[in-house]
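Trainee: Any chance you could fold what I've pasted below:
(chains A, B and C)
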Amino acid sequence: MALTLNMTVNGKARKVTVESNALLSDVLRVNLGLTGTHVGCDTSQCGACTVHVDGVSVKSCTMLAAQADGATITTIEGLAAPDGTLHPMQAAFKEHHGLQCGFCTPGMVMSAVDLARCEPNASEEQIREWLEGNICRCTGYHNIVKAVKTGLTDMQSGGKVAAE
Amino acid sequence: MKLTPPARSAVHHPHAHDSALKHATGAARYIDDMAEPRGCLHTALVTSRWAHARLTGIDASRALELPGVHAVVTAADIPGENDVGAIVPGEPLLAEGVVEYVGHPVAAVAARDLETARRAAALVEVTAEPLTPVLDLREAVEKAHYVLPPSEFLRGKPGPALADAPHRIRGEIMVGGQDHFYLETQAALALPQEDQDMLVHSGTQHPTEVQHLVARLLGVDMNAVTVEVRRMGGAFGGKESQATIIAGIAAVLARVTGRPVKCRLDRDTDMMVTGKRHDFLLTWDVGVDDDGRVQAVEMTLAARCGWSVDLSPGVVSRALSHADNAYFYPHVKLTGLFCKTNTQSNTAFRGFGGPQGMMAAEAMMDQIARTLNLDPLEVRRRNFYGPEGRNLTPYHQPVEHFRLPEMLDEVLASSDYAARRKAVDAFNAKGGVLRKGLAVSPVKFGVSFNKPEMNQAGALLHVYTDGSVSLNHGGTEMGQGLFTKVAQVVAAVFGLDLDRIRPTATTTGKVPNTSPTAASSGTDLNGMAARIAAETIRDRMADVAAEHLGAEKSAVVFERNMVRAGNKSVPFGELAELCHVARVSLSSTGFYRTPKIHFDRTTNRGRPFFYFAHGLAVSEVAIDTLTGEWKPLRTDILHDVGASLNPAVDKGQIEGGFVQGLGWLTMEELVWDKDGVLKTHAPSTYKIPTARDVPRDLRVDLLADAPNEEATVFRSKAVGEPPFMLAISVWLALRDAVASCGPAGHVPKLDAPATPERILMAVQAAKDTA
Amino acid sequence: MAEYLRARTVDEALEALARKPFRILAGGTDVYPAAVGGPIRDPILDISGLSALRGITREADGYWRIGALTTWTDVLRADLPPWFDGLKLAAREVGGVQIQTAGTVAGNVCNASPAADGVVPLMAMDAAVEVSGADGTRVEPLDAFITGPRRTTRQPGELVTALLIPDAGAPGVSDFLKLGARHYLVISIAMVAVVLHRAPESRRIVRAGVAVGSCSPVARRLRGLEAVLCEADAGAPLEDLAQENHFAPLSPIDDVRATAGYRREAARTLVRRALSTCREALA
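Mentor: You can find the predicted model right below:
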């Protein structure tokens, strides 16, 4: 059963026709070509597919695209400014080496940005708890936590301009 | 001409990963992110549901009737040879005659989309007569059920020396396996080309092997196959030999259908099909003096190889060559067993058997100390390798430039060990429900592939007439920062800013006959090859510069994007243009082979390692003696990376390796049921560490002012695998905490992974002894 | 391909369910993992838009009502009396934050996993399930509603619309403890919830709920222990009241996560600890 959905994705109105049981992650990746959203475990555990739906982080492999009809979606591709200036959280991940293979990074960043909405002054313990649903196999999390801490601070100070 | 100093901060500087910006913006493309070519088909596997069975039929007729299905291939459809054996032949891509584990690929489907392929795979009817499997490692040991005959390292006369020793101590532990859990599952995209050519984008650490085996599967020459990989989302050894399965299936389906074919395994399939770290049963019989000094030791290291050989010869060899860790064994016999079980074929995984070998050494040291009521730290120190007479390894390589004694003093001071030891003992003396443990463990890791012929690498470098540089080499990027480090090396040679160097995707079309990116050797080998290529070009450019600047060649210096001689200079890009006008080649290959190494595989003697990397960790934990739950409290690490090419990348490897090791030894558990089905085949049941499972207080220091004595690239040392084994300190700290529940002289019985359940059992055993 | 229906009202959902069986989709956190990245092939009834079913309210008849679409995050953010603390602790154990945001309390109950985090504190709170169907609405105690692993008394034409929790009308406290190979994101090896209420004017315990999960096909209440706890003095060492025979309802099994012996041992320790915590909180 095909459905036609309207969503605002990274600031642009998009209309897609998809099967009723299509996952949001697949529609973002395949129909809209937004391949920065990765699928790591296929079972809603690893968090690599995290995006924002109406401002809240969700695992896009745990949501039907149909459920996002009418929603506003932000993916990792929509986080930087149109002129390419990095979002403070992206800049922090780059500067603090909060990444190695990079596969988990988009989900980590999207999750961390949502933390700023809920706990802008999160402690290290709160950061670690928040990131519980995002798995990284490379870094040991040390630099990721550092990056998130910096990203939260920089978001509050109005967004540090990235050194790009 | 003289060797010019590197441009300031090209090497020995914490540059960001070359793809950091792309990773943070989602622009980095992995195989599944590539735009699918027109007509691209998708793959699903049909796998064995028996651990061991004789195949009696494969009926794909119902699958083929499904609209959108283009092909179902079995062993009979493979155009060339059905063999992907990495070291020894006889490992079919698709099962032929028998299946040997649950998950063994039997057939593969190509269809217009993944869902159709999956439906079709479920419709393929496979029939078989079950055979009796061997599933348990102990059972394989008892039945001498091997994939290869045992291997032995021998030095001295361990038998008589054991008999004469004042104390004789026997022990054993089981050390579990580990799934790689690279975040990007295995993937390949095969594109048929003109003639019989095949281009394969493969998530592989070993493009040359994929090329070689795809050619074999397709029955074509190697020059008809090109394998390319820009990056992997983690690999850790899991994409060394096993990537061939996925690339091979995609290539065979692409050949049969004439269409591009993508094969990406979902997580569950990946875990069910591909091999993991070998679990080991480690046993020892050691003779020691009253001070705990080893007089002689005999060890048996029994590895679960799974159903086939794969890379097990190398893994067991490295286990044997690390069963000494940092300790001198005056008389020694080490036996490696290649046990065959009807489970996934175990493969390379960070450390490549080294961690399991070291576990034998460290568990044995702990047992010696506790049995004789000695301080485990002192026993370790007393057994360290020493000067001549105490410096020969079980494979007869002398240990040179052994850094651990001085490093130990340094880390004990920086971690405030003595005071914390007292505090932990005082805490435990109160006898509460919570107990603490503190332990120190060293790492001495041999760098170079155990097989000398693998220690070679090539690079291909082009300088363009605008002064930009295109870099290619045989190493693959899996997140470890190899492309960054090698680019730094090239930038240093040319005196250029790092952003002038463009690392390009690894491809068998540019650099042929490469070794896998493995054994921590990526930078040592490829960095050196790239350096040689860069120096070749620089030498030619220096001739042109000397003429242009009117100076002696020996006065020409490349630095800060300029080429200078005396007070004259020319921008690097301008010089490149001048070279072109002068008809001087700006392109070169570079080739490197590691010096000094040799190894005789019949006697297991030689110098397999160019040098050793060293590390030390001090870990403190707390356990709950009523539930077995535990917490890592603090870990201090001092690690030797020589003169670090990139301290940020190296620290990242240390932190990440340590945490991965912590997962291996404390929480990651592979469980097969009585029918040989892997029950932990998804992250819901297979637990890798998360941000909350690691020590909050993790202090990592690089050994300062410690250039490699051997002439490695800018005197750096390999860093990929050695830090993994620093996590043994956590396992030892857990044993220390458990030991506090028992009487003096009690040796905790704790296998790995030390799950809460195992810790609780060990605590109860300790209490029962008291 | 699968039919997809997004219900706009409860009546619309019930009409659809009366027509044919649907897979009911609320938060989706148990639905998708089961498909391992593949599409769901059953017809889907998406009830996630029924905002009337979301939220926690105190009803006039002395019940707390947790609407069927109330998420774990909603529970965590709600202003609730201390005897809901155990439920809040369980909420924090459900997956990671994204799963807490999407997953619903009622969905956890309907999924009826032996290891469901939410069921244990709800059982200890005497929760009941409100089930609506074409013939009206019925209310069933939670421990009767769940009949086995992945099995409930919900009929194909029915929809769970709320969970109902009686208010004991007395000061209360609660605790929830969970043991796992890894603390978070882990499906439990053993978990325990304790809810105690004392008389408003004395330390006498007037109501006790003790439930244990992952140690039997369905989470179980330890009614023998509850009986002993009732009438006990809240200042006494309550943890010592737990006796071997109180754990008889449990029938743990060996599985990939733990052995039966370890589960039994852990359950005993966790019950004692939860009782001890509650005693301190009451005093």
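Trainee: was I right about residue B:509 contacting residue B:226?
Mentor: Yes. Counting by C-beta atoms under 8 Å, residue B:226 is a contact partner of residue B:509 at 4.7 Å. C-betas here are computed from N, CA, C, even on glycine.
Trainee: Between the two, which has more neighbouring residues?
Mentor: residue B:226 (20 against 16; other C-beta atoms under 10 Å in any protein chain shown).
Trainee: starting at the chain centroid, how far to the strand or helix carrying the more buried one?
Mentor: Element membership for residue B:226, per DSSP states H and E: strand B:225-229. When distances are taken as C-alpha atoms, centre = their mean, to the nearest Å, strand B:225-229 is centred 22 Å away from the chain's centroid.
Trainee: Does anything pack onto that strand? Which helices or strands?
Mentor: strand B:198-202, helix B:207-218, strand B:506-507 (3 or more C-beta pairs under 8 Å, 6 or more residues apart in numbering or on different chains; DSSP states H and E).
Trainee: closest to residue B:758 out of the ones you listed?
Mentor: Counting by C-beta to C-beta, residue B:758 lies closest to helix B:207-218 out of the helices and strands packed on strand B:225-229; the figure is 37.5 Å.
Trainee: Which neighbouring elements make contact with that closest one?
Mentor: Looks like helix B:207-218 contacts strand B:198-202, strand B:225-229, helix B:243-257 (3+ C-beta pairs under 8 Å, 6+ apart).
Trainee: could I get the ones you listed as JSON lines with mean pLDDT?
Mentor: Output for the helices and strands packed on helix B:207-218, formatted as JSON lines (pLDDT from 0 to 100):
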{"stretch": "strand B:198-202", "mean pLDDT": "98"}
{"stretch": "strand B:225-229", "mean pLDDT": "98"}
{"stretch": "helix B:243-257", "mean pLDDT": "98"}
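Trainee: Out of the ones you listed, the one nearest residue B:79 is which?
Mentor: Per C-beta to C-beta, nearest to residue B:79 of the helices and strands packed on helix B:207-218: helix B:243-257, 5.9 Å.
Trainee: do that closest one and chain A meet at all?
Mentor: No. Counting by C-beta under 8 Å from any C-beta of the partner chain, chain A has no neighbours in helix B:243-257; the shortest distance is 14.8 Å.
Trainee: From the chain's centroid, how far away is that helix?
Mentor: The answer for helix B:243-257 is 25 Å, by C-alpha atoms, centre = their mean.
Trainee: what angle separates that helix from strand B:198-202?
Mentor: 140 degrees (axes from the mean of the first three to the mean of the last three C-alpha atoms, to 10 degrees).
Trainee: Need the CA coordinates for helix B:243-257. CSV is fine.
Mentor: Extracted in CSV, the C-alpha atoms of helix B:243-257 (Å, rounded to 0.1, in the frame of the first residue of the first chain):
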residue,chain,number,x,y,z
ALA,B,243,35.2,-9.6,3.8
THR,B,244,36.0,-12.0,1.0
ILE,B,245,32.8,-13.9,1.6
ILE,B,246,30.6,-10.8,1.1
ALA,B,247,32.6,-9.5,-1.9
GLY,B,248,32.7,-12.9,-3.4
ILE,B,249,29.0,-13.4,-3.2
ALA,B,250,28.3,-9.9,-4.7
ALA,B,251,30.8,-10.6,-7.5
VAL,B,252,29.5,-14.0,-8.4
LEU,B,253,25.9,-12.7,-8.4
ALA,B,254,27.0,-9.7,-10.6
ARG,B,255,28.7,-12.1,-13.0
VAL,B,256,25.7,-14.4,-13.2
THR,B,257,23.1,-11.6,-13.6
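Trainee: For residue C:223, the count of nearby residues, please.
Mentor: Neighbours of residue C:223 (other C-beta under 10 Å): 15.
Trainee: and the helix or strand containing residue B:46, C-alpha only, in PDB?
Mentor: Residue B:46 belongs to strand B:41-47 when assigned by DSSP H and E. Extracted C-alpha coordinates of strand B:41-47, given in PDB (Å, rounded to 0.1, in the frame of the first residue of the first chain):
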ATOM      1  CA  LEU B  41      20.300  -5.800  -7.300                       C
ATOM      2  CA  HIS B  42      20.300  -6.600  -3.700                       C
ATOM      3  CA  THR B  43      21.400  -9.700  -1.900                       C
ATOM      4  CA  ALA B  44      20.100 -12.100   0.800                       C
ATOM      5  CA  LEU B  45      21.800 -15.200   2.000                       C
ATOM      6  CA  VAL B  46      20.400 -18.700   2.500                       C
ATOM      7  CA  THR B  47      22.300 -20.200   5.400                       C
END
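Trainee: For the stretch 51-200 of chain C, what lies in contact range of chain A?
Mentor: Going by C-beta under 8 Å from any C-beta, the residues of the stretch 51-200 of chain C near chain A are C:92, C:95, C:96, C:97, C:98, C:99, C:101, C:102, C:184, C:185.
Trainee: can you check the stretch 651-770 of chain B too?
Mentor: Near chain A, when you scan the stretch 651-770 of chain B using C-beta under 8 Å from any C-beta, you find B:651-652, B:655-660, B:682-684, B:688-692, B:694, B:696, B:698, B:700.
Trainee: how does it look with 7 Å?
Mentor: Contact residues, the stretch 651-770 of chain B versus chain A (C-beta under 7 Å from any C-beta of the partner chain): B:652, B:655-656, B:658-660, B:682-684, B:688, B:690-692, B:694, B:696, B:698.
Trainee: before we move on, back to that, how about the helices and strands packed on helix B:207-218 in CSV, adding distance to residue B:551?
Mentor: Output for the helices and strands packed on helix B:207-218, formatted as CSV (distance: least, C-beta to C-beta, whole Å):
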stretch, distance to residue B:551
strand B:198-202, 47
strand B:225-229, 43
helix B:243-257, 51
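Trainee: Tell me which of the ones you listed is the most buried.
Mentor: Comparing those by mean neighbour count (mean count of other C-beta atoms under 10 Å in any protein chain shown), helix B:243-257 comes out on top with a mean of 28.
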